[in-house]
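J.: A predicted structure for the sequence below; I have some questions about it.
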Amino acid sequence: MPRFRIPGPLRRLSNGEITVEVGGADLGSAIVALDERYPGFRDRLLDDKGDLRQFVNVYLNDEDVRLGSGLSEKVKEGDEISIVPAVAGG
Amino acid sequence: MGPARGFTPDQVARYARHLILPEVGGAGQRKLLSSSVLLLGAGGLGSPAAMYLTAAGVGKVGIVDFDTVDASNLQRQLLHGVNDVGRAKVDSAARTLRNLNPDVEVVPIHEHLNSDTAMKMFEPYDIIVDGTDNFPTRYLANDAAHFLGKPLVHGSIFRFEGRLALFDSSHGTGCYRCLFPEPPPPGSVQSCAEAGVFGVLPGIVGSMMAFETIKYLLNIGKPMIGRYLLFEGEDMSFRELKLRRNKACPLCGENPTVHELIDYEAWCGVPAVEPSEAAAS
């Protein structure tokens, strides 16, 4: 199963878990599965139309999915899906 | 000719550990002494970055900040001490930096960094180091550096996590807008003032910003070009993601729509200060 890597700002949604393994054949279904396990992620990652929000990045392994196939990106066992929200602290 | 040629005895002593490094040596140290860096922010990231750049002998270090030192800064902002509370941060910073290395021309800039001032502020410097603390200024710094063709070392922190990148449009890298095409909606992202920041964190990320700046100036090793580094302190891990130019980027993409600096506060929907400061003022 692919594994989500949850960033600090969103770990309150995952009960503090840093990594969460979920099912799903593509990124969109993996996000749905993550949201079923820990409600709230879908709303944080997707807009009303179901597209990825512009201020949150999702990386499949080390590639930005926005520059690839987006939510249709295929995921497989061992893949790491990183949620990378914008942070501005300095 | 030896690496010490052209240096005063004080400089030979001060920079001895650089002069003996083949990657720096006399030529590199001379290059540093003739280089200039503008630091945006004299806070958590700006403190270690400014201190290491100054100690290393970067010839001119500008530091811009309109804020004053608050007691809550002292947990991590090492440029400032107890007696500086209430003073302008750039004045406190300049005193600390001049004490570290009198070779360096320290330029305190006690002005607002905004669309009216950014280009003029950035223009005289070789490289810009972004240690600011809010989204409007992040986008402003990104756009101004792009328009001037200047490299921008980007660092950001939140709680236990840090980020590092080097945006350099002259090398065809992605920019901050490639990473984050739009700012988050107002109120959706907590600031460090609201969520906290582990005090050592800016020490790590700010030091890496200085590291990459000096590497870039001296063309040492492999720069953070096209790479986005994530530091997660809770499990002490570093991960690297690819930073690619987004063809659809409104600034550096194939059909750019941003051709000049804009009103970043209006666009982000928040003032260019941390929320706690906005509330206080």
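T.: That came in fine, so what should we check first?

J.: quickly list what B:Val153 is bridged to.
T.: Note on B:Val153: beta-bridge partners by DSSP bridges are B:Val129, B:Leu166.

J.: now do the contacts for it.
T.: With contact taken as Cβ atoms under 8 Å, 6 or more residues apart in numbering or on different chains, B:Val153 is in contact with B:Ile127, B:Ile128, B:Val129, B:Asp130, B:Leu164, B:Ala165, B:Leu166, B:Met209, B:Glu212, B:Thr213, B:Tyr216, B:Met224. C-beta here means a position set from N, CA and C on the backbone, and glycine is covered the same way.

J.: can you check B:Ala56 too?
T.: B:His18, B:Leu32, B:Ala210, B:Ile214.

J.: now for the residues you listed, which pair is the farthest apart?
T.: Maximum pairwise distance among the contacts of B:Ala56 (Cβ to Cβ): 13.6 Å, between B:His18 and B:Ala210.

J.: when the two are compared, which one has more neighbours?
T.: Counted by other Cβ atoms under 10 Å in any protein chain shown, B:His18 and B:Ala210 do not tie: B:Ala210 has more neighbours, with 25 against 19.

J.: look at the closest residue in space to B:Pro181 that isn't next to it in sequence and say how many residues are nearby.
T.: Nearest non-adjacent residue to B:Pro181, counting by Cβ to Cβ, 6 or more residues apart in numbering or on different chains: A:Gln54, 4.5 Å away. Residues within reach of A:Gln54, counting by other Cβ under 10 Å, total 15.

J.: assign a three-state SS to A:Gln54, would you?
T.: The assignment at A:Gln54 comes out as coil when based on DSSP: H, G, I helix; E, B strand; the rest coil.

J.: I'd say it and B:Phe180 touch.
T.: Yes. Using Cβ atoms under 8 Å, A:Gln54 is in contact with B:Phe180, at 7.2 Å.

J.: pull the longest helix from chain A.
T.: helix A:27-37 (DSSP state H).

J.: mind listing what's buried in it?
T.: Judged by neighbour count using 16 or more other Cβ atoms under 10 Å in any protein chain shown, the buried positions of helix A:27-37 are A:Leu27, A:Gly28, A:Ala30, A:Ile31, A:Val32, A:Ala33, A:Leu34, A:Asp35, A:Arg37.

J.: and if you look at stretch B:148-160?
T.: B:Leu148, B:Lys150, B:Pro151, B:Leu152, B:Val153, B:His154, B:Gly155, B:Ser156, B:Ile157, B:Phe158, B:Arg159, B:Phe160.

J.: now do the strands in chain A.
T.: For chain A, the strands defined by DSSP state E cover A:3-5, A:19-21, A:56-60, A:63-64, A:80-85.

J.: and if you look at chain B?
T.: Counting by DSSP E, the strands of chain B are B:36-40, B:60-64, B:105-109, B:127-130, B:152-158, B:161-167, B:227-232, B:237-242.
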